[in-house]
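Enquirer: I'd like to go over a predicted model; first the sequence, then the structure.
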Amino acid sequence: MTQRAFTLRRQPLDLVRRTAAVESVEDVVPGYRRIRLTGDELRGFASLGADDHLRVFFDGGVSREFTPVAWDADAGSLTLDFVLHGEGVASSWAEGARPGDVLSVGGPRGSLVLEGRPEWWLLVGDETALPAIRRHLSAVALGVPVTVLVGIRDSAQRQPLETAGDLTEEWLVGGEAVAEVLVYRMHELEELLGTGSGEGFAFVAAEQTIVRLAREVLLDRWGLDAERVVVKGYWKHGVVEYHAPH
């Protein structure tokens, strides 16, 4: 039996709700805010998968899902990124967040863990997927090709990315049609990625429209294994309570 370069394994986690306070607020670029939380209840926090989701609870019991950017389980700290888009409970809270503000987080309730070493990586998403993209980039082995496509509202949203891999990055201004713009570019990448090798890993996450379109490229056109790609709609136009699949 041929040994596969990598596998994706689901790992359940104990669902824990924790209270924390804002320690610092940083604007990475205009409209994209990084908030660091601290608190004793964050000690022991774990997030095993780059695409993990936790719930942040706001006033009135309203909650939204976020991917942890960074954490220190010993010190009791957790960093989250917020897209500031002028509407919605999470964006409004983040715009007004100040050190000392208190909120609670729950989860992750489980992780999809990548084990092994893909021969190439493709990471595609809009601004909401940047935390997961950053975490995937940190796992890319030295010199391994990794292509990143990020759809943004305007050129001011471009951010620095870091990886040990051989990085090719493109920031595509897409506005409301960001999903279509990203998939259109994916159609042009086959030769660049060398998809004759099925031992690459593809992660795609943006507005829900991207799911069907991206799967057509990855599965139907490129012939990748459906069990070893991740394609998700992180949000949906007009649906406030939309939840991304886990």
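Expert: The structure has been received and is ready for your questions.
Enquirer: and the closest residue in space to residue 229 that isn't next to it in sequence, what does it touch?
Expert: In this structure, residue 229 finds its nearest non-sequential neighbour in residue 202, 4.4 Å apart by Cβ to Cβ, 6 or more residues apart in numbering. To be clear about C-beta, it is placed using only N, CA and C from the backbone, and glycine gets the same treatment. Residues in contact with residue 202, defined by Cβ atoms under 8 Å, 6 or more residues apart in numbering, are 121-124, 218, 224, 229-231.
Enquirer: repeat that for residue 137.
Expert: 123, 146, 148, 161-163, 165, 167.
Enquirer: hang on, the earlier thing: SS state for the residue nearest to residue 229?
Expert: In terms of secondary structure, residue 202 is strand; the call rests on DSSP: H, G, I helix; E, B strand; the rest coil.
Enquirer: next: residue 131.
Expert: Applying three-state DSSP: residue 131 is helix.
Enquirer: can you tell me which residues contact the spatially closest residue to it that is not a sequence neighbour?
Expert: Distances taken as Cβ to Cβ, 6+ apart place residue 67 nearest to residue 131, at 4.0 Å, with adjacent residues excluded. Contact partners of residue 67, counting by Cβ under 8 Å, 6+ apart, are 50-54, 131-132, 135.
Enquirer: out of those, which is nearest to residue 32?
Expert: When the contacts of residue 67 are compared for distance to residue 32 (Cβ to Cβ), residue 131 wins out at 10.6 Å.
Enquirer: show me the chain divided up by domain.
Expert: 10-110, 117-235 (automatic domain parsing).
Enquirer: quick one: mean pLDDT over the shortest one.
Expert: In this model, domain 10-110 has an average pLDDT of 94.
Enquirer: who does residue 146 form a beta bridge with?
Expert: residue 121, residue 167 (DSSP bridges).
Enquirer: ok, back up a step: can I get the contacts of residue 202 in CSV including secondary structure?
Expert: CSV is the format used below for these (three-state DSSP):
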residue, secondary structure
121, strand
122, strand
123, strand
124, strand
218, helix
224, coil
229, strand
230, strand
231, strand
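Enquirer: any idea which of those is closest to residue 208?
Expert: Closest to residue 208, out of all of the contacts of residue 202 and judged by Cβ to Cβ, is residue 231, at 10.6 Å.
Enquirer: the closest one: what's it in contact with?
Expert: Residue 231 touches 202-205, 210-211, 214-215, 218, counting by Cβ under 8 Å, 6+ apart.
Enquirer: output the longest strand belonging to the chain.
Expert: strand 17-29 (DSSP state E).
Enquirer: ok so, going back, of the contacts of residue 202, closest to residue 23?
Expert: For the contacts of residue 202, the nearest to residue 23 is residue 123 (28.7 Å; Cβ to Cβ).
Enquirer: I'd assumed residue 146 was in contact with the closest one.
Expert: Yes: in this structure residue 123 lies within contact range of residue 146 using Cβ atoms under 8 Å: 6.7 Å.
Enquirer: leaving out chain neighbours, which residue sits closest to residue 110?
Expert: residue 12 (4.8 Å).
Enquirer: quick one: that neighbour from residue 22, how far?
Expert: The gap separating residue 12 from residue 22 is 30 Å, by Cβ to Cβ, to the nearest Å.
Enquirer: who has more neighbours, the two?
Expert: residue 22 (19 against 9; other Cβ atoms under 10 Å).
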